[in-house]
Each structure stands twice: as structure tokens, then as C-alpha cells.
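Q: Fold the following for me, if possible:
(one chain, ligands or ions: 1)
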Amino acid sequence: MQTFSLTAVHHEYKKAPIVIKKDVDASNNAKVKGMERSIIWLAIKLRIFFIACITLKKPVLIWRTYKAMLELRRKTWGIAINKIYRVHGRYYFNLYTPGWPSAAYDSLIKNELLRHAKPLSATDKLTFIFLAVTRKCPMRCEHCFEWDNLNKKETFTQHELKEIVDIYQQQGVLQIHFSGGEPLVRVHDLIEVIKHAKNKSECYVVTSGFNLTATNAALLKEAGCKGIIVSIDHYIPELHNGFRNHADIFFKAVEGVQASLKAGMVTALSVCVTKAFINGGHLIPYFEFAKTLGVHFVQLLEPKNVGHYADKDVLLEEEHVQQLETFFKIVNHDATYKDYPTVMYHGYHQRRIGCYSGSRSVYIDSAGDVHACPFCHTASYNIATVLKSAKKEIPVKENLCPRYGNIV
Ligand code: SF4
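A: From the prediction side, this is the model:
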């Protein structure tokens, strides 16, 4: 394996960049810099401290819990979080934290404070869900975690999807990421479900970019969708299309990203970082591409042995993980990369302190099975069975992360 050097790889980037037409209102969609950034961080910290005071009341408990929360954040990100984005009047620094200021952000902080001060019960811990709204998908991706569920009869009607949202919102869910299959195959149902969910939860859509036209992006935004995560697994169109087994999804995905930014939503890329991708020195070129697109976040997903990858030799070696961790810290914290999108890399904190999935979030797959996350198929219960029951109550069952253990 080659020695990893960000600078060397950076200078090796000789690909002709994809031509991106910029057509985005910067006032609605900007990285926060300088004095504004310092003021926003101070305001957020004061807000957390204020919520700690009114929630916990006792000075010693307030101080101990406040410090524990800041420490957890530091361990999650390696160092301090540097980058903040202002999107339609709210500030975002993490793809999995509601924008600030908002009632959802305040509720998340209150939940975390209570969790640190005194562990909550199993069912009222959830603040986040992934909800697969369809089994249909026009892709055949190399790494698909829903592979065994795809293109069968739909499990849920639009009405049932709204019922599922209601059930989890009663548990305090503050953020919902709608996935699939390809969720935009059911764009009209999805819009109605988002309208139904938006008052209590921040809504995101996780898509391949299929059907993410300018019109649909505007409709999603109007319905109350706050963010879009588009899966693009390579900056070279042919390699992305090959990975997705689809002739022209790359340019649809790029257009979808631009449509999402133009509509004024938090916009992220998600990339499956395979061994070949890392060995080929594609990380920095990919981030050049992401920076040119103007996205806020890039999420690095490690290949796991689920779905289509179930029996394949895809797990990263120690050297790959070290490269990703170095990359994660440098791009997020080194001034050279200050204009690059924020890197989200769950593997960093998972290997140190455990996983947030299961204790804070669950994944409801397209057959209704409820797992710790899309990559840990724990299937502790089926939500379709819950919908048919008289009380419609979620069973008190933990979805513990079998790989890394849970962050309590
Ligand atoms: S990974 Fe997503 S886009 Fe790809 S086949 Fe699976 S459900 Fe479809």
C-alpha cells in the first residue's frame, strides 16, 4: 500500500474537473466565517448551558453534565468542531443534529443532558430514525444494504408511513431520514409524509439522485424537508455509474445536488469508501469535486458485510482505517482545507467510544424490520406488526450495536 500523504495526493489530482454551473443564492446557503462564527459558537454554548440550568437545576450536576457532553462531542469529532453552515436561517454543524436555533435542537440537548445525568429508559431514548419508505429502486448498487428486500410488493401505504412517524414522534424522535429503496420513486407519497412529520421532526431524504429534479427538490423543500443526502461514490462518472449499475445516474445525481442547494436545503454527499477507492488515492480528488459542487457535508461510509456485500471480502484493513481517520481530522481541522465540506466519519468515534445507533436511533427497513442501523441488521421487532396491534406501542427492546457497542 502507498504511504498516505494528503499533499502528495492533492497534487496528483489531474482529472479535468466536472463543470458545475453555480446557481445558488449564497445568502441562504453559506459557510459561516470569522466573527459571525465565533458569535454563533458562543451563542450555542450559552444555549446549552441555559438548557442545562433549567433542566438539571443543581449547580454541581449542571457543571458535571455540561462538561461530560462537551467531552463526548470532542471524542466524537477528534478535536473541536470547526465548520458551521447557515442554511435558510438555521446553523448546521453536523448532519445528525437538528439546525440551531430550533425546538428540535433544544429537545436534543435536553435529552442528552438527561441521558448523562441519569440514564433514560430504553424506549424514550430515541431521537432519530432512518425510515425506508419503499422497496422499489432502479439501481443495483454494489454495496446495497437493502438488497434482499428490493423490488418486492410495498410494505406500507402512505397512511401507514404517517402512522409510523406518529409512533416514533411520540417517543421523541426529532430527526427523520427517509430512505429506501430509492425514496424518490414515491416522491408524491414522500412529500405528504414529510408534510405530516415536519412540525415535530427535521426531515431529510437519502437518495441516489434519481428523480431529484429541480421541481421535486423545490416541492420537497416546500413540504418542509430540511436536507438531502445524495449518494455519489466516485467523482469519475463511469466509475460511479458502474458501482450503481445504472447508465447515467452520475449526472442525475450531480443535477440533484445542485437542485437541492438551489432549493435551500442542507446538502450532503455520501460515499462508500471501498479498499479500491482508498488505495487509488481518490479521497482528496473526491473532496475537490465535493467542494466544487458546494455541498455542506460528505459522509464516509465503510463497506460492511450486509445485503449485496454480505459474503464479500470488503471490510477495510487497519491501514485504510488509519488513512480515513487522518483524513477526517485534517480536512475538518487543518486551515488548508477550511473551504472543503465537513467530513462525517462514524468509524472514528465508533472505534473509540462506541456507536450512537441503537441507543439514539434505529433503522426501519423497507420490510418494516427495525435494526440498530442500516449496516447492523439486528431486527429486534417489526413495525408492521406494531401497526396491526391494538395499542400500537413499540416493544421495549434495545437495538444494541453488535460491532462497537453503544454509547450510553
Ligand atoms: S443502495 Fe440504495 S440506490 Fe443502491 S440499490 Fe440499494 S436501495 Fe437502491
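Q: Count the neighbours of residue 118 for me.
A: 10 (other Cβ atoms under 10 Å). All C-beta atoms are positioned from the backbone trio N, CA, C, and that covers glycine.
Q: Next one: it from residue 311, what distance?
A: 43 Å (Cβ to Cβ, to the nearest Å).
Q: Equivalent analysis for residue 59, please.
A: 56 Å.
Q: Render the CA-only coordinates of the host helix or strand of residue 50 in CSV, please.
A: Assigned by DSSP states H and E, residue 50 belongs to helix 34-56. Taking Å, rounded to 0.1, in the frame of the first residue of the first chain, the C-alpha atoms of helix 34-56 are listed here in CSV:
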residue,chain,number,x,y,z
GLY,A,34,-14.9,35.0,11.2
MET,A,35,-16.6,37.0,13.9
GLU,A,36,-20.1,35.5,13.0
ARG,A,37,-18.7,32.0,13.5
SER,A,38,-17.3,32.9,17.0
ILE,A,39,-20.5,34.6,18.0
ILE,A,40,-22.7,31.6,16.8
TRP,A,41,-20.5,29.1,18.7
LEU,A,42,-20.7,31.2,21.9
ALA,A,43,-24.5,31.6,21.5
ILE,A,44,-24.9,27.8,21.0
LYS,A,45,-22.7,27.0,24.1
LEU,A,46,-24.7,29.6,26.2
ARG,A,47,-27.9,28.0,25.0
ILE,A,48,-26.7,24.5,26.0
PHE,A,49,-25.7,25.9,29.4
PHE,A,50,-29.1,27.6,29.8
ILE,A,51,-31.0,24.4,28.9
ALA,A,52,-28.7,22.5,31.4
CYS,A,53,-29.6,25.1,34.1
ILE,A,54,-33.4,24.8,33.7
THR,A,55,-33.3,21.0,33.2
LEU,A,56,-30.9,19.9,35.9
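Q: Pull the residues that contact that helix.
A: Helix 34-56 is contacted from outside by 32, 62, 65-66, 69, 84, 91, 100-101, 106, 109-110, 113-114, 117, using Cβ atoms under 8 Å, 6 or more residues apart in numbering.
Q: same question, stretch 324-334
A: Residues outside stretch 324-334 that contact it (Cβ under 8 Å, 6+ apart) are 4, 6, 77-83, 273, 278, 283, 287, 300, 302, 316, 336-337, 340, 342-343, 345, 347-348.
Q: hmm, 6 Å instead?
A: 6, 78-79, 82, 283, 337, 340, 343, 345, 348 (Cβ atoms under 6 Å, 6 or more residues apart in numbering).
Q: Just put those in CSV and tack on secondary structure and neighbour count.
A: Below are the contacts of stretch 324-334 laid out as CSV (DSSP: H, G, I helix; E, B strand; the rest coil; neighbours: other Cβ atoms under 10 Å):
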residue, secondary structure, neighbour count
6, helix, 18
78, coil, 17
79, coil, 9
82, coil, 17
283, helix, 24
337, helix, 20
340, coil, 20
343, strand, 24
345, strand, 23
348, helix, 21
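Q: List just the nearest of these to the ligand.
A: Comparing the contacts of stretch 324-334 against the ligand with Cβ to the nearest ligand atom places residue 345 closest, at 19.2 Å.
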